[in-house]
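Student: coordinates for the following, if possible.
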Amino acid sequence: MTLREQTEAAERAQLSSFACLASASRGRERPLEPCPTRTCFQRDIDRIVHSKAFRRLKHKTQVFLEPEGDHYRTRMTHTIEVSRIARTIARGLRLNEDLTEAAAYGHDLGHTPFGHAGERVLHEIMPGGFAHNEQSLRVVDRLEKDGEGLNLTWEVRRGILCHTGSDRAETLEGQLLRLADKIAYINHDIDDAIRGKIIYPMDIPLSVSQVLGFTHSERINTLVTDIIASSAGRNEIVQSAACRDAMHELREFMFEYVYRNPVAKGEEGKAQDMLRRLFEYYRADPDKLPPEFQEIRMEESPERAVCDYISGMTDKFAVEQFGEAFIPKAWSVK
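Tutor: Numbering: from 1, shown residues only. I've put the predicted structure just below:
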């Protein structure tokens with residue numbers, strides 16, 4: 001028996017009857033020889049973590065655009081925090097931690113530079129709209145590995161796509177990712193907003209703190225343990241009414257005082273204008289797109305190729321490309 005087969009046997013013996021077993025996966029679009037050491041979901045974790053799109057997350061905005069200081073979250077640290085919360089919930093419910101981790105690592109691979117500000121402007125410009133969860137799936141299906149894609153399992157792909165939006169993942173592992181994502185971003189965005197003096201701890205509604213706790217760790221612990229307790233023995237992922245309502249109130253508070261705060265978000269308009277101009281620049285002259293996007297231009301459309309290129313940019317790279325396209329360079333005579 002291979003190590004992978006031993007792991008699959010342990011899953012069958014130890015995981016909940018509601019868990020998605022690696023041995024029962026619907027598989028990949030392009031079948032692969034099974035790995036002797038890793039289950040299919042463990043293999044997907046490695047494929048995502050070693051991808052270029054994953055590495056770029058460290059230079060993509062979470063909430064604050066290029067904040068000064070080493071301790072603000074990036075899209076990479078957000079992804080790691082989501083993964084940890086999701087795995088803790090999965091372990092508490094005896095669900096498949098490997099499937100959970102793979103979907104968590106992949107859920108934001110398609111996010112734009114400059115956070116949701118970038119997403120909104122691409123949604124306005126791109127024919128048919130733009131959503132980062134759909135782009136994340138496109139990254140793993142089409143764009144990674146020089147157009148070959150990562151060829152992930154069906155369950156991981158569905159977890160990535162369904163972490164936001166109206167579609168719902170079929171597995172409990174995919175369903176819990178939606179809540180883990182919200183728990184992570186609401187709480188770490190509070191932490192960053194306090195660090196940036198956008199809000200202060202006493203600004204958080206008392207009605208929320210009395211339910212979830214008064215500190216970062218207390219809130220996360222309350223929300224995670226509540227999901228585990230409320231979902232135990234059930235074929236669905238749920239929260240208690242008290243925690244669900246408190247988290248909703250906290251999210252509304254964050255939208256009012258942080259996500260729409262002119263101090264925190266004052267530079268977003270400039271970032272959006274920059275992306276609009278870059279989009280028009282490449283759409284007007286798609287020959288300037290890198291070679292790997294020319295096939296997409298021909299097979300799909302110039303707009304699709306431009307959108308794929310810009311959405312994959314880091315914040316810094318987008319600024320550099322804007323400078324190359326629109327900022328005159330100094331001229332000197334040697």
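
Student: give the buried residues for stretch 3-19.
Tutor: For stretch 3-19, the neighbour count (16 or more other Cβ atoms under 10 Å) marks 4, 7, 8, 11, 15, 18, 19 as buried. No exception for glycine: its C-beta is placed from N, CA and C like everyone else's.

Student: ok, stretch 316-334 next?
Tutor: The neighbour-count check on stretch 316-334 (16+ other Cβ under 10 Å) flags 318, 319, 321, 322 as buried.

Student: for those, work out which two are farthest apart.
Tutor: By the measure Cβ to Cβ, 319 and 321 form the most distant pair in these, at 7.5 Å.

Student: distance of residue 41 from residue 16?
Tutor: As judged by Cβ to Cβ, to the nearest Å, residue 41 and residue 16 stand 16 Å apart.

Student: helices - which of the buried residues of stretch 316-334 land there?
Tutor: Of the buried residues of stretch 316-334, the ones assigned to helices by DSSP state H are 318, 319, 321, 322.

Student: gap between the third one and residue 306?
Tutor: What that stands for is residue 321. Separation of residue 321 from residue 306 (Cβ to Cβ) stands at 12 Å.

Student: pLDDT at residue 333, what is it?
Tutor: Residue 333 is assigned 65 on the pLDDT scale.

Student: low pLDDT regions in the stretch 51-200 of the chain?
Tutor: 66-68 (pLDDT under 70).

Student: ok, the residue nearest to residue 60 when sequence neighbours are not counted - how many residues close by?
Tutor: Excluding the flanking residues, the one nearest residue 60 by Cβ to Cβ, 6 or more residues apart in numbering is residue 75, at 3.9 Å. Residue 75 is flanked by 23 other residues according to other Cβ atoms under 10 Å.

Student: center of the chain - which residue?
Tutor: residue 108 (2.1 Å; Cα atoms, centre = their mean).

Student: ok, that residue - contacts?
Tutor: Neighbouring residues of residue 108 by Cβ atoms under 8 Å, 6 or more residues apart in numbering: 57, 75, 78, 79, 132, 136.

Student: swap in residue 213?
Tutor: Applying Cβ under 8 Å, 6+ apart to residue 213 gives the contacts 219, 221, 222.

Student: surely the first one forms part of a helix?
Tutor: What that stands for is residue 219. Yes: counting by DSSP: H, G, I helix; E, B strand; the rest coil, residue 219 is found in a helix.

Student: no further questions, thank you.
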